[in-house]
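# structural data only, the sequence is not supplied:
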């Protein structure tokens, strides 16, 4: 079995958890599902499959300090800093170059830094199976067995069965409407696309060169310079030449050597406050409750406080968040409307973003 | 016309506006209806009828500093300090003794310190009429023309018409249920009891002595000592002998010289957060909004913040209050449930009361 390299993608800068998340403190650095930040849970999830020496993080320059703080065991040389945010294909290219520099046929397990997995043994079993398939030259994605007709995720149509648990990918499909999603779920032929990819470094670099030809010269230049004193200068010069595109568009939807390994592991993308009741302990009335919260006649709500007491009385299915310097109140099922607040704060050039 | 003495009753210690109100900062000291505390609005409401020299405040020792701060024009010698809270009859007895010491037939206008009046000229006209009737020896209450079948107030059944706008009081009736209240309002024969009383000092002292015989000796002792060096010692000794009872029970429901003057003056007792939309400016969506509040898709709500931004999205008819050291969220029509929070905080001996 090849060496497994965990690659944690931490370039995200979402504000769906405002006022907890800010541009200087994105979601992956928040302890949303446990006392650890999501990114630390992500690294911990790979314990036994990879090691700190074989764990890398791809992030922006302004989040390096947060990465070091959240992941004290991570080696500083394994923090791969993107000169700018250019979507997942350039980030994965960098990760492949970084891993290939020491281990050209090493297998990368690329993980978004801001997800939750309830059943880690099931997750690890699926990753092991994906690694086995990836060693044979496939680009493997984990497909999450859907538990509801979610319209917020992309889906994978499962194709011809391969060895073990793996199947070929018949197609990646965009976020469906509700009716379509219901059809997907009841058909049993669709899995959620979790953005988790497993592949050999050399296989992905070949695939990028083939399916994203503009990336061939920058990748070659970066590989040549990686680890040398010229690396920083070449990175600065060449990274911006990589097309800003997702790995799904750039490679996954085009390549023929794409497989999927199904996983039923209690996965969640922790997309908004509304997702927290699915991934956290609830009180007897179905509330998620943190900090000095005093809940009376309150049900199904998410109340995240700090040191200041928050009293919530007679409310159902609401979100109340006190971030210390700002407070948010909204109906739980409208959690995505946090973006309206963020837009308003942008318009007034608020410092609270 | 006799001299008019405004007497502001500021002994209340309610927590219906927690977390804004605390035992150290009761409702009457909060700027709930304007930029001024309710007690300052109450004094201002008597401008032109009384003067600062003829304005007294009855309060507890621990609120003297708040009274001085809220009412900078008030003379310190007109702050009458109750040794303990013993309901309104003892407080009014003290006020009568205080006024009678300088002006035995002076007319007192006794005003709760925590109410709101929208139409001050109408209020003053009613007070003038009440003073005219009181000069003749009546104890006069202002009766507020009801605008809704409120179940939270006591009512006054109007009796035989007297001179001018005044009528005899047929009866004081307790807080009714909704059906009874609807009957009261449609009958046109009932007014709200606002707890505003107008009477001559000597008339009320005689009435107390007659209808509350246990008060006769303490009152006599206090009158004898008032203004002397013995006053503080006598007050401490005698005040606790006055029965702890409301002026309504002690006198108003028993005496025959009780009249009522109707008033339509936009009165409110500002009983809870739910009352604020009735007494404050609203935004286009019917919200009361204070501080750095960012309201999006939000209607009919009361959002009281301070320096920290409060974002409220997609909510209808809620109360959100940030008092700096504590936060409250509840449905507006359950504003009275603030007491449940206060009870819970009492149980945990919280410092936030």
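Sure thing, it's come through. Small disclaimer: the values here were computed from a predicted structure and weren't measured.

# mind pulling up the pLDDT for the closest residue to chain B within the stretch 101-250 of chain A?
Here the residue of the stretch 101-250 of chain A nearest chain B is residue A:152; by CB to the nearest CB that distance is 18.1 Å. From N, CA and C alone the C-beta is placed, and that goes for glycine too. At residue A:152, the pLDDT value in this model is 91.

# next, it: secondary structure please.
coil (DSSP: H, G, I helix; E, B strand; the rest coil).

# next, count neighbours for it.
Here the count is done by other CB atoms under 10 Å in any protein chain shown, and residue A:152 has 13 residues near it.

# go on, residue A:59?
Residue A:59: 25 neighbours (other CB under 10 Å).

# is it true that it lies in a helix?
No. Judged by three-state DSSP, residue A:59 forms no part of a helix; its state is strand.

# so what's the residue of the stretch 101-250 of chain A closest to chain B up against?
A:175, A:269, A:271 (CB atoms under 8 Å, 6 or more residues apart in numbering or on different chains).

# pull out the buried residues from those residues.
For these, a burial check counting by 16 or more other CB atoms under 10 Å in any protein chain shown picks out A:269, A:271.

# reformat the contacts of residue A:152 as a markdown table; add distance to chain B, secondary structure and pLDDT.
As requested, the contacts of residue A:152 are exported to a markdown table (distance: CB to the nearest CB, whole Å; DSSP: H, G, I helix; E, B strand; the rest coil; pLDDT from 0 to 100):
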| residue | distance to chain B | secondary structure | pLDDT |
| --- | --- | --- | --- |
| A:175 | 22 | coil | 95 |
| A:269 | 21 | coil | 95 |
| A:271 | 17 | coil | 93 |
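
# near chain B, which residues of chain A?
A:18-19, A:294, A:296-297, A:305, A:308-315, A:318, A:320, A:322, A:325-331, A:334, A:337-338, A:340-341, A:344-345, A:350, A:352 (CB under 8 Å from any CB of the partner chain).

# ok, the longest strand seen in chain A: who's next to it in the sheet?
When chain A is parsed with DSSP state E, its longest strand is strand A:190-200. Strand partners for strand A:190-200, identified by DSSP bridges, are recorded as strand A:107-112 (antiparallel), strand A:139-144 (antiparallel), strand A:155-161 (antiparallel).

# check what contacts the longest one and list those residues.
Spelled out, that is strand A:155-161. For strand A:155-161, using CB under 8 Å, 6+ apart, the contacting residues are A:141, A:143, A:146, A:167-173, A:176, A:181, A:184, A:189-193, A:260, A:262.

# how many residues are close by the closest residue to residue A:191 other than its chain neighbours?
Spatial nearest neighbour of residue A:191, chain neighbours left out: residue A:143 (2.8 Å); criterion: CB to CB, 6 or more residues apart in numbering or on different chains. Neighbour count for residue A:143, taken as other CB under 10 Å: 26.

# looking at it, residue A:143 is touching residue A:260, isn't it?
Yes. Counting by CB atoms under 8 Å, residue A:143 touches residue A:260, with 4.2 Å between them.

# what's the separation between residue A:63 and residue A:85?
Between residue A:63 and residue A:85 the distance is 10 Å, computed by CB to CB, to the nearest Å.
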